[in-house]
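Novice: Attaching a predicted model along with its sequence, questions to come.
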Amino acid sequence: MTVSEDRYRVLLGASSALADQPTVKAVLHSLRDVLSSSCNLHGAFLYVLDDGGESLRVLEFDREPDAPPIKTGTKISRTGAAAQALDEQKPVFLPDVSQEMLKHPSLAPFAPESVGRSTYVFPVSTSQERYGLLVITKDRGQEFVAEDVELLASLASHVAVALECALARDNAELYQRQAEKERDRLKFLLEINNHIVSKLEVDELFRAVAGSVRKHFHNHCTTFWLINQQSGCLERRFLDFPTGRGFLAKIATTMPGSLESDWWRGRKAVSLSLDTEVPSEIRDAARLESLVSAVSVPLVGASGPLGLMNVSSRETDAFSEADLDLLSQIATQISLVLDNALAYGRLRASHDDLQDQREYLEAEISSELNFEDFVGKSTAIQNVLRQVAIVAPTDSTVLLHGETGTGKELIARAIHRGSPRSERTFVKLNCAAIPTGLLESELFGHEKGAFTGALMQKKGRFEIADRGTLFLDEIGDISVELQPKLLRAVQEREFERLGSSKTIQVDVRMIAATHRDIPGMIRNNQFREDLFYRLNVFPIEIPPLRERRGDIPLLVHYFVSRFARRMHKNIRRIPKEAMEALVNAPWPGNVRELENFIERAVILTPETDLYVQVSELKNTPAPARTNDDVSTFQDAERQAIIDALKAAAGRVAGTGGAAGRLGLKRTTLQNKMRRLNISRADFLQ
């Protein structure tokens, strides 16, 4: 009875010990401690059924230091003693376990170490389930007695119950972890959906998504790249890297390679090697930022690839397969809304352009100067109009030269109207009317906060005139400091707004005008020579009114008719004396001065005959004008041309020619030489 009492006491102690253990491993360790007083065990291995009951794997073990080093997870087939114990649900005795180990490839290498050890294989089962086997091994020379076998069989039943409880607990914890993970995943997807439905701006969407990604994946860096449809390169649109050192922030563009093309076709997130699968500049920056693992997520819309989302971490193997699947899901959602957001951005930009053009055109319509056709039949003006007809259909830059009031803006508008850009905007800017400090902002625009008083973003005239015509009047009044930037805009068709580093490209046809002597300004270092050559592609000289006096009667009748109609006056006749006085007046202000004079005359006319205040005209009417005055002016002009020709050794045009010295166009100088009867004999003596 003493032996039986000891056995029962051991069994009761084992049962209590097993019930107190939270894990299967603790159960096996407690088993050896409990049995140490009754029998000596060399090792205890717990095998559980796997692969639908076709094999068994080692779940836990407790063994002596010199026992064979069989590892957790080692699999054996359901054959031999294992199959017998499971099928018959009875213990199986193995006098030499090494012979049984040779039947299993995974255990065969350890058979020599187990020669001579006796082993019992006990089924671990409850009334509900068969879980596996408990394999007990003794030291060499020790035998299993009947009481040991009975005790161990009872303990195997207790192990089965403990295992059932432990597995149930593990399953419950696993289910809880899966439920929490699924909850976090759904919460993350809902958060992304909320961003998608509430953010129309691309940058706002990227900022919100990057914040959610960092909170969910605990990554360090998130980057969004979009494809530039014109250049084909990837442009960094947004970078979220709170702990970054600034190396990645320096990379704004990169060229996509073959790997990116494969990713776009696959439309799935892929793990990225920062050592081999990224461009060299990004690889170097990632190394400096200590980033070691990354995922690249393709963004593909209905019309094709849009860009990439890259998620990086300073931790090794930071992203699992489940993370890649989740990132692929949100990439699909982001791609759908990104298509809409980019379309919205294009529509808004187009709307802003149309709004700017509308406001500009409204200002043009309300201005005092309205476009009218040129009035005149003189040879000088017809020559100008022929040049306009030649250059208008091209996109060449035109430089108009003429005195104030000769109608340079009207010529510019005529060029625009005859060009393929006539359906687009004609934008003008008088460079002399804008203070030097504000002229750069007017030309190129500025960002909000670029200078004191810049309360909002503003587009410059170059942007407003995109795909249209830009007319810069009085180009000679632009400061030398601003001329290099203007040269770049004219030559390269690109510039930056004030306060911005982003380069803006435009397609603008340039027309410039001036009344100043640009070659003389170049000699005095007041105007850049390279800018002049870039503007002087097709020069047009507009004659002053004194050189087309035959057009003055036509202009007078035209202005009288227009002003009389506006003022509701019935003016039917212009006295001959008044017309002669108008024709012979000097008109230093040219057509503009004549127009203003006629408007005042119409205002003062009470009857049907135009009332002209002849006394206000600087010259006397033709009958009172002396031939000496005319001869004196013509002689002075003739002598100036002869002196210039002599200084130029008879060269009319070209470098150092008489035309350049006088600031005239070659054809204008030749016309003057014919009119003043200047021959080669006059200057080649």
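Specialist: Cool, the structure landed.

Novice: from here on, contacts and neighbour counts on C-alpha atoms
Specialist: Fine.

Novice: What distance do you get for residue 211 to residue 244?
Specialist: 15 Å (C-alpha to C-alpha, to the nearest Å).

Novice: more crowded one of those two?
Specialist: residue 244 (17 against 12; other C-alpha atoms under 10 Å).

Novice: Just the pLDDT for that one.
Specialist: Per-residue confidence at residue 244 stands at 90 (pLDDT).

Novice: And what about it, helix, strand or coil?
Specialist: When classified by DSSP: H, G, I helix; E, B strand; the rest coil, residue 244 comes out as coil.

Novice: Excluding chain neighbours, what is closest to it?
Specialist: Leaving aside its sequence neighbours, residue 244 sits nearest to residue 289 (C-alpha to C-alpha, 6 or more residues apart in numbering; 6.6 Å).

Novice: Tally up the residues packed near residue 171, please.
Specialist: Using other C-alpha under 10 Å as the criterion, residue 171 is surrounded by 12 other residues.

Novice: So what does residue 511 have for phi and psi?
Specialist: Main-chain torsions, residue 511, degrees, to the nearest 10: phi -130, psi 120.

Novice: And it, how close does it get to residue 112?
Specialist: Residue 511 is 99 Å from residue 112, by C-alpha to C-alpha.

Novice: do residue 256 as well
Specialist: For residue 256, the distance to residue 112 - C-alpha to C-alpha - is 59 Å.

Novice: any idea how far the longest helix along the chain is from the chain center?
Specialist: Secondary structure of the chain per DSSP state H: the longest helix is helix 146-198. Offset of helix 146-198 from its chain centre (C-alpha atoms, centre = their mean, to the nearest Å): 47 Å.

Novice: Kindly report the same for stretch 66-86.
Specialist: 61 Å.

Novice: just use 8 as the starting number from now, easier for me
Specialist: Happy to do that; since the first residue is 8 now, the last one works out to stretch 73-93.

Novice: count of residues packed around residue 681?
Specialist: Residue 681: 10 surrounding residues under other C-alpha under 10 Å.

Novice: Residue 486 reaches residue 444, doesn't it?
Specialist: No. The criterion here is C-alpha atoms under 8 Å, and residue 486 misses it with residue 444 at 9.7 Å.

Novice: if you count what's nearby, which of those two comes out ahead?
Specialist: More crowded of residue 486 and residue 444, by other C-alpha under 10 Å: residue 486, with 17 against 10.

Novice: Find me whatever residue is spatially closest to the more buried one, sequence neighbours aside.
Specialist: If the residues on either side of it in the chain are set aside, residue 486 comes closest to residue 443, at 6.9 Å by C-alpha to C-alpha, 6+ apart.

Novice: can you give me the helices for the stretch 458-607 of the chain?
Specialist: For the stretch 458-607 of the chain, applying DSSP state H, counting those that start in this stretch gives helices covering 468-471, 490-499, 525-530, 536-542, 559-574, 583-591, 597-611.

Novice: Point out the most buried one among these.
Specialist: Across the helices of the stretch 458-607 of the chain, the average number of neighbours (mean count of other C-alpha atoms under 10 Å) peaks for helix 468-471, which reaches a mean of 26.

Novice: can you list the weak-confidence ranges in the chain?
Specialist: For the chain, the stretches with pLDDT under 70 are 8-47, 207, 264-273, 347-381, 625-640, 692.

Novice: what are the C-alpha coordinates of stretch 550-565, in CSV please?
Specialist: Extracted as CSV, the C-alpha positions of stretch 550-565 are listed here (Å, rounded to 0.1, in the frame of the first residue of the first chain):
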residue,chain,number,x,y,z
PRO,A,550,7.3,106.3,-89.8
PRO,A,551,6.4,109.5,-87.9
LEU,A,552,3.4,111.5,-89.1
ARG,A,553,5.6,114.2,-90.6
GLU,A,554,6.9,111.6,-93.1
ARG,A,555,3.3,110.6,-94.2
ARG,A,556,1.6,114.0,-94.4
GLY,A,557,-0.5,112.7,-97.3
ASP,A,558,-2.4,110.5,-94.7
ILE,A,559,-3.3,113.5,-92.5
PRO,A,560,-6.5,114.4,-94.4
LEU,A,561,-7.7,110.8,-94.1
LEU,A,562,-6.9,110.7,-90.4
VAL,A,563,-8.7,114.0,-89.8
HIS,A,564,-11.9,112.8,-91.5
TYR,A,565,-11.7,109.5,-89.6
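
Novice: what's it in contact with?
Specialist: Stretch 550-565 is contacted by residues 382-388, 409-410, 413, 586, 589-591, 593-594, 597-598, 601-602, 605 when judged by C-alpha atoms under 8 Å, 6 or more residues apart in numbering.

Novice: How many neighbouring residues does residue 500 have?
Specialist: Neighbourhood size, residue 500 [other C-alpha under 10 Å]: 17.

Novice: isn't it right up against residue 517?
Specialist: No. In this structure residue 500 lies outside contact range of residue 517 using C-alpha under 8 Å: 10.2 Å.

Novice: Pick out whichever of residue 518 and residue 119 has more residues nearby.
Specialist: Shown here are residue 518 and residue 119; by other C-alpha under 10 Å, residue 518 has more neighbours (28 against 13).

Novice: secondary structure class for residue 318?
Specialist: Secondary structure, three-state DSSP: residue 318 is strand.

Novice: what's it in contact with, if anything?
Specialist: By C-alpha under 8 Å, 6+ apart, the contact list for residue 318 reads 226, 227, 228, 229, 230, 301, 302, 303.

Novice: Out of those residues, name the ones that lie in strands.
Specialist: Mapping the contacts of residue 318 onto strands (DSSP state E) picks out 228, 229, 230, 301, 302, 303.

Novice: who does the fourth one bridge with?
Specialist: Yep, that's residue 301 we're talking about. With DSSP bridges as the criterion, residue 301 is bridged to residue 279, residue 319.

Novice: Please apply the same query to residue 505.
Specialist: Residue 505 has these beta-bridge partners by DSSP bridges: residue 453.

Novice: Quick check, it in contact with residue 449.
Specialist: No. Counting by C-alpha under 8 Å, residue 505 stays clear of residue 449, with 10.1 Å between them.

Novice: Looking at the ones in strands among the contacts of residue 318, which one is closest to residue 330?
Specialist: residue 302 (9.3 Å; C-alpha to C-alpha).

Novice: Residue 333 versus that closest one, what's the distance?
Specialist: Per C-alpha to C-alpha, residue 302 is found 12 Å from residue 333.

Novice: swap in residue 61?
Specialist: Using C-alpha to C-alpha, residue 61 is found at 34 Å from residue 333.

Novice: what does residue 344 give?
Specialist: Between residue 344 and residue 333 the computed distance is 17 Å (C-alpha to C-alpha).

Novice: Show me which of those two is the more surrounded one.
Specialist: Between residue 344 and residue 333, counted using other C-alpha under 10 Å, the more crowded position is residue 344 (21 against 17).

Novice: Helix, strand, or coil at the more buried one?
Specialist: Following three-state DSSP, we place residue 344 in the helix state.

Novice: Could you measure from it over to residue 317?
Specialist: 18 Å.

Novice: and if you look at residue 116?
Specialist: The spacing between residue 116 and residue 317, counted by C-alpha to C-alpha, is 47 Å.

Novice: what about those two, which has more around it?
Specialist: Each of residue 116 and residue 317 has its neighbours counted (other C-alpha under 10 Å); residue 317 has more, 20 against 14.

Novice: Pull the contacting residues for the more buried one.
Specialist: With contacts defined as C-alpha under 8 Å, 6+ apart, the neighbours of residue 317 are 229, 230, 231, 301, 302, 303, 304.

Novice: how about those residues, which pair is most distant?
Specialist: Farthest pair in the contacts of residue 317 (C-alpha to C-alpha) is 231 and 301. Separation: 13.2 Å.

Novice: So for these two, which sits in the more crowded spot?
Specialist: Neighbours were counted for residue 231 and for residue 301 using other C-alpha under 10 Å; residue 301 has more, 26 against 23.

Novice: in terms of contact, does residue 258 touch residue 290 like I think?
Specialist: No. Residue 258 lies out of contact with residue 290 (C-alpha under 8 Å); the separation is 11.0 Å.
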